Every structure is written in structure tokens, then in C-alpha cells.
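Q: here you go, sequence then predicted model.
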Amino acid sequence: QVQLVESGGGLVQAGGSLRLSCAASGRNFDNSYMAWFRQTPGKQRKFVAAISWAGDNADYLTSAKGRFTISRDNTKNTIYLQMNSLKLEDTAVYYCAATWGIATRDSGRYEYWGLGTQVTVSI
């Protein structure tokens, strides 16, 4: 059974940092394309960042560029999202997801999802 388990969320002041982790298990994750999405109440899940298997191709939401860094450690089947200079508008539940299809920002193309971790940015 495939599992993606996020951790690292919490409450942080604006301007602070958090590092999210997503540990994957249950199948071979070779050649997977993995991503972070976020969602606030009443809104659709939104793409944040994604990374290729080799880690040589990363894609970011425009507002995340320069502040967030996605990375992965394939020896641990884990991806990370380092978030710096956090803003109030970054408050959301953050989900990691995996696909073996093409690199994409489309949440509908991701086959596996974690349950999410809450990130709350306060004044």
C-alpha cells in the first residue's frame, strides 16, 4: 500500500521558516515526479512546487520562487520543501503528491497523495 506522509508543519511568524518533509513508501518511486500542493478552506488545491526524479528539474509557483526550495533524497524516498520568508498568504494545508506521468502542475494527474500538514503563518 502506497503511503505519503507529510510532516514539519506548524505555526510560524511571518518572515520565518519551516521545512516540510514527505516520506514515501509502499512501492518503487524510481522515475517519479513529486510535488507539493496547498489548499485553504473553500478553495481548490493549488500547485506549489515539483521536482523530477533526478532532482535536476524543479518547477515553482511564481510566488514561491526565491523563497521555497524543493528537494528530494531518493535513498530515503523523501522529498522536502524548505520555506523561507513566509507570508500570511502561505497559510494552508500542504500536501505532497506523486506521479509517474509527465511533469505537470495539474493535481488531477497525480496518483498518490498524503493527508497533509498544516502550515499557519501569523503576524
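A: Structure's in. What do you need?

Q: so the residue most central in space within the chain: helix, strand or coil?
A: Note on the chain: the residue nearest the mean C-alpha position is residue 36, at 2.2 Å, using Cα atoms, centre = their mean. Using DSSP: H, G, I helix; E, B strand; the rest coil, the structure places residue 36 in strand.

Q: is it in contact with residue 49, as I believe?
A: Yes: contact criterion Cβ atoms under 8 Å: residue 36 and residue 49 qualify, at 5.0 Å. In this view, the C-beta of every residue, glycine as well, is placed from N, C-alpha and C.

Q: who touches both of these two?
A: Listed as contacting both residue 36 and residue 49 by Cβ atoms under 8 Å, 6 or more residues apart in numbering are 70, 81.

Q: confidence score at residue 101?
A: You'll see residue 101 listed with a pLDDT of 80.

Q: thought it was touching residue 34?
A: No: applying Cβ under 8 Å as the test, residue 101 and residue 34 come out as separate, 11.9 Å apart.

Q: tell me which of these two has more neighbours.
A: For residue 101 and residue 34, the more surrounded residue by other Cβ atoms under 10 Å is residue 34, and the numbers stand at 24 against 11.

Q: contact partners for the more buried one?
A: The contact partners of residue 34, by Cβ under 8 Å, 6+ apart, come to 22, 24, 50, 51, 72, 79, 96, 97, 98, 99.

Q: rewinding a little: once you drop chain neighbours, what's closest to the residue nearest to the centre of the chain?
A: Spatial nearest neighbour of residue 36, chain neighbours left out: residue 48 (4.4 Å); criterion: Cβ to Cβ, 6 or more residues apart in numbering.
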